[in-house]
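Engineer: starting from these lines, generate the structure:
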Amino acid sequence: MLDMFLCSQVCGYLYACILSLYSFFLRHARSRNYVSESEMCKLESVPLDFGDYHPLKPITVTESKTKKMNRKGSTSSTSSSSSSSVMDPLSSVLDGTDPLSLFAAAADPVTTTATMDSTRKKRDKDDSSAVGSDFEPWSSKRGEILSRYTTTEKLSIVSGSFSRKATTTGSAVSEKVRTRLEELDDLEEGSQKELLNLTQQDYMNRIEELNQSLKDAWSSDQKVKALKIVIQCSKLLSDTTVIQFYPSKFVLITDILDTFGKLVYERILSMCVDSRVSLLDNFSPESVNDTAKETCLNWFFKIASIRELIPRFYVEAAILKCNKFLSKTGISECLPRLTSMIRGIGDPLVAVYARAYLCRVGSPVKYLFTATCLCLLFQQIHGDTVQNQLVVQCVEIPLYLTLYSPAIDWILQCIAYRAPEVLLTEMMERCRKLGNNALLLNSVMSAFRAEFIAARSMDFIGMIKECDESGFPKHLLFRSLGLNLALADPPENDRLQILNEAWKVITKLKNPQDYINCAEVWVEYTCRHFTNREINTVLADVIKHMTPDRAFEDAYPQLQSIIQKVITYIYDFSLLFSVEKFLPFLDMFQKESVRVEVCKCIMESFIKHQQESTKDPVILNALLHICKTMHDSVNALTLEDEKRMLAALINGFIKMVSFGRDFEQQLSFYVEARSMFCNLEPVLVQLIHSVNQLAMETRKVMKGNHSRKTAAFVRACVAFCFITIPSLSSIFTRLNLYLHSGQVALANQCLSQADAFFKAAVSLVPEVPKMISVDGKMRPSDAFLLEFLCNFFSTLLVVPDHPEQGVLFLVRGLLNVIQDYTWEDNSDDKVRIYTNVLHLLSAMTQEAYIYHVDKVDSNDTLYGGDSKFLTEINKLCETVIAQILDHLKTLGKEETLKRQSQLALYFFNTILAHGDLRNNKLNQLSVNLWNLAQKHGFADTKTMVKTLEYIKRRSKQPEMSHFTDLALRLPLQSRT
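Structural biologist: A predicted model of the protein is given here:
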């Protein structure tokens with residue numbers, strides 16, 4: 001109790017001393033010579049010799065490689081090597097492993113397995129990259145096929161019962177083999193049931209279940225069950241009852257076959273691993289052990305026992321790669337036999353997809369699809385069997401022929417990949433001999449290199465003309481040709497003739513969907529090679545075909561694609577909007593969501609490509625209309641991210657508009673933009689900043705000497721900002737814009753307008769909420785308010801007093817607002833603000849202020865150091881210090897002593913920086929604050945030490961000798 005009493009007595013004594021001394025602060029504010037202080041604080045310029053160093057020069061990386069020795073009784077030796085080549089210092093130099101991992105992997109079987117998996121993945125990657133990156137893989141075609149070939153008819157699927165029969169543990173090998181053969185026979189002798197009336201989605205779900213069942217059976221070591229699943233799935237490829245779904249069915253079933261082939265290959269490969277040593281990527285059959293070879297042969301023998309042709313073909317093709325374990329020429333020997341097996345398939349659609357699968361697994365197979373095969377294929381297509389089947393299923397021959405496209409495209413792609421010109425020319429001749437079959441011709445144009453097609457464009461057009469249109473529509477052939485010409489340029493002399501020939505066919509199409517699918521492709525060709533005149537003609541033709549019966553409503557994706565292609569090739573918007581039919585083309589986008597997306601696309605292109613500001617009235621009117629469309633789409637349900645994106649695009653447009661020295665026209669544009677984009681707050685903020693910038697540009701042109709006309713103009717700019725700011729919802733945005741606009745008004749000698757901005761800011765401070773939303777999270781607003789007020793104080797230093805408002809009326813009003821504002825109980829921001837006010841008041845007592853606004857007389861000039869002015873400042877200072885000390889006194893409780901210590905040191909630093917410590921009483925005040933900061937042991941020792949060192953350094957400067965005595969009076973107390 002005695003200690004607490006003595007402590008309270010000492011604290012009371014300190015407060016009494018501080019209160020008796022605070023009135024001396026401003027009377028003894030330190031006189032500042034800002035010029036000399038600035039010179040003294042400048043960094044010493046020292047000549048720097050870079051030598052060979054340059055920040056962009058490649059660095060030298062030293063690699064430390066550790067060689068692992070024997071695990072027991074040995075040490076590791078380290079060798080270093082330097083490399084000055086350009087390389088990533090963080091990249092691994094040990095091929096994915098490090099020395100520590102190698103030690104751990106030596107005895108860890110799990111790591112050994114992981115290494116095998118890594119090797120296997122690398123080998124799979126190498127296999128897939130046997131062809132170059134310019135070869136389009138099957139996986140890229142899969143999604144398109146599934147989305148294109150769909151059906152609404154009911155489907156059926158055969159489901160087998162895959163129950164595993166129990167066997168006795170001690171059964172003989174022959175009994176085990178007999179059991180497995182019986183299981184395979186069960187599958188073919190009726191142990192299945194047929195699921196009928198399945199929708200397409202149900203069918204796809206069932207196929208996925210079979211795929212998962214295959215993986216589960218394999219992982220549980222039920223290899224026979226896995227084979228039965230694959231056989232059952234392969235049988236589905238002989239079913240063409242719903243013929244238009246067959247390409248998608250082929251994709252789904254072959255996914256299962258690919259999974260099975262991979263599982264078998266990895267199983268045999270794992271049997272070749274001997275004590276952590278796996279096969280090399282390009283292994284030879286001689287390096288494969290007998291067990292692996294025997295297992296591989298066993299799989300081929302099992303598959304050979306499958307009775308039906310189609311499942312036997314597909315399952316053997318799925319594991320074709322396993323022939324590598326048996327013979328170097330195993331794959332090449334099996335391919336002709338498998339090709340001959342396809343001839344036994346009677347349905348030409350099933351046969352062509354079987355041939356396509358063989359090309360897939362044969363990596364990439366060439367010369368399998370010979371001219372003889374082509375002839376047989378097309379003879380079968382026009383045979384009675386196929387025709388009768390189409391009549392039964394009510395399928396037209398043009399639709400039926402499109403079912404062949406994925407398979408033939410893939411086969412021809414394999415044939416044409418990196419093929420010599422001679423082979424490609426030979427294929428063209430074979431196509432002619434078949435009577436320019438449209439289906440084959442379409443596949444040739446889809447599969448061959450675009451450069452080859454483009455160079456012979458007129459030849460292909462001639463072949464297209466000779467094709468029989470009854471089977472395969474000519475417009476699809478022209479579409480395929482257009483796709484090639486979008487990738488490669490035809491001979492220059494043929495370009496116009498090519499366009500004319502193609503468009504003669506396209507423009508005669510009656511079906512709007514067929515028309516737009518072709519027009520979309522040829523628009524890009526037109527944009528690449530022709531002028532605005534031809535582009536305008538094409539767009540006019542599109543409008544003509546798509547407007548009747550509002551056909552454009554079913555073709556929005558194609559119309560969007562056309563717009564994208566046009567703005568890709570015509571990124572000069574003065575040329576773009578000179579295309580007469582461009583804006584009428586935009587009018588076809590009646591659906592709001594699509595129209596907004598198109599407008600966003602156009603604005604993104606404008607912002608990306610427009611290098612110089614513009615004032616072209618055609619561009620401005622068109623883009624204002626487009627931006628207005630985006631703005632009007634905003635409603636209560638619009639997401640904030642969408643609003644930000646739209647605002648960013650509109651702001652990008654506003655920044656690119658400039659009328660040069662015609663400032664009045666520029667302001668008129670901003671006024672119009674404000675009326676059009678009032679629902680997007682970021683756009684209004686940008687307009688305010690742009691108008692403020694306009695006012696400063698006017699000042700720059702006039703070199704600060706405004707004429708009557710320019711003075712009226714900048715007042716109009718100021719009025720624009722003053723009217724617009726209150727419409728914003730964010731309170732801190734309003735505060736900062738009031739401050740910014742007030743600074744602009746002050747710089748342009750609009751003193752009364754500047755006062756109005758600053759008064760508005762002062763009156764807005766009480767409305768600041770305790771919590772504000774920042775990036776979607778609620779945060780306390782005190783820190784943001786403190787930052788704003790500090791900036792505000794810096795401006796108030798140069799704001800002259802109004803002759804009718806009294807001395808420092810803005811400062812007084814702001815202090816009253818700060819006093820009445822409700823602060824958080826655990827916040828010291830109010831005291832920090834008051835301390836910053838002392839900085840402002842100290843700067844106001846100087847004979848010459850640290851900075852000024854050009855051609856604006858601040859209070860140092862108006863009052864000239866008048867004693868009455870200084871007296872008013874002293875009164876304000878006394879009030880502020882009293883508030884600070886009262887707050888320090890309220891922090892005398894045990895739980896707030898740390899805050900008290902921090903604030904006392906903060907106030908001490910203020911006196912140190914701005915007070916004249918040659919005055920004994922002010923010197924004593926600073927000592928008392930120093931002691932109060934350390935009194936309860938909460939002061940940061942490092943900070944106190946650095947502060948004291950700073951005082952000692954200052955004491956060595958001229959006219960600072962009194963800091964020596966001060967340093968001697970400032971003791972350092974330990975926390976203990």
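
Engineer: worst mean pLDDT across the helices and strands of this protein, which element?
Structural biologist: Ranked by mean pLDDT, DSSP states H and E, the weakest helix or strand in the chain is strand 77-83, scoring a mean of 40.

Engineer: where in this protein is pLDDT low?
Structural biologist: 1-28, 44-132, 158-196, 273-282, 363-376, 378-379, 434-436, 469-471, 974-976 (pLDDT under 70).

Engineer: the longest helix in it is where?
Structural biologist: The longest helix of the chain (DSSP state H) is helix 246-271.

Engineer: can I get the helix or strand just after that one in PDB, CA atoms only?
Structural biologist: As assigned by DSSP states H and E, the chain's next helix or strand after helix 246-271 is helix 290-304. This file holds the C-alpha atoms of helix 290-304, laid out as PDB (Å, rounded to 0.1, in the frame of the first residue of the first chain):
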ATOM      1  CA  ASP A 290      10.900 -64.100 -68.900                       C
ATOM      2  CA  THR A 291       8.100 -63.600 -66.300                       C
ATOM      3  CA  ALA A 292       7.100 -60.300 -68.000                       C
ATOM      4  CA  LYS A 293       7.200 -61.900 -71.400                       C
ATOM      5  CA  GLU A 294       5.100 -64.800 -70.300                       C
ATOM      6  CA  THR A 295       2.500 -62.600 -68.800                       C
ATOM      7  CA  CYS A 296       2.400 -60.500 -71.900                       C
ATOM      8  CA  LEU A 297       1.800 -63.500 -74.100                       C
ATOM      9  CA  ASN A 298      -0.900 -64.700 -71.700                       C
ATOM     10  CA  TRP A 299      -2.800 -61.500 -72.300                       C
ATOM     11  CA  PHE A 300      -2.600 -61.800 -76.000                       C
ATOM     12  CA  PHE A 301      -3.700 -65.500 -75.900                       C
ATOM     13  CA  LYS A 302      -6.700 -64.600 -73.700                       C
ATOM     14  CA  ILE A 303      -7.700 -61.900 -76.200                       C
ATOM     15  CA  ALA A 304      -7.300 -64.200 -79.100                       C
END
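
Engineer: which other helices and strands contact helix 290-304?
Structural biologist: Counting contacts by 3 or more C-beta pairs under 8 Å, 6 or more residues apart in numbering; DSSP states H and E, helix 290-304 packs against helix 246-271, helix 309-318. The C-beta positions use only the backbone N, C-alpha and C, and glycine is treated the same way.

Engineer: redo these as JSON lines? Include mean neighbour count and distance to residue 814.
Structural biologist: Formatted as JSON lines, the helices and strands packed on helix 290-304 follow (neighbours: other C-beta atoms under 10 Å; distance: least, C-beta to C-beta, whole Å):
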{"stretch": "helix 246-271", "mean neighbour count": "21", "distance to residue 814": "73"}
{"stretch": "helix 309-318", "mean neighbour count": "22", "distance to residue 814": "82"}
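
Engineer: so which of those helices gets nearest residue 909?
Structural biologist: helix 246-271 (72.1 Å; C-beta to C-beta).

Engineer: rewinding a little: elements contacting the longest helix of the chain?
Structural biologist: helix 109-128, helix 139-148, helix 200-219, helix 223-235, helix 290-304, helix 309-318, helix 348-361, helix 405-416.

Engineer: and the helices in the stretch 701-850 of the chain?
Structural biologist: Using DSSP state H, counting those that start in this stretch, the helices of the stretch 701-850 of the chain run over 708-724, 731-747, 751-764, 782-796, 809-820, 829-844.
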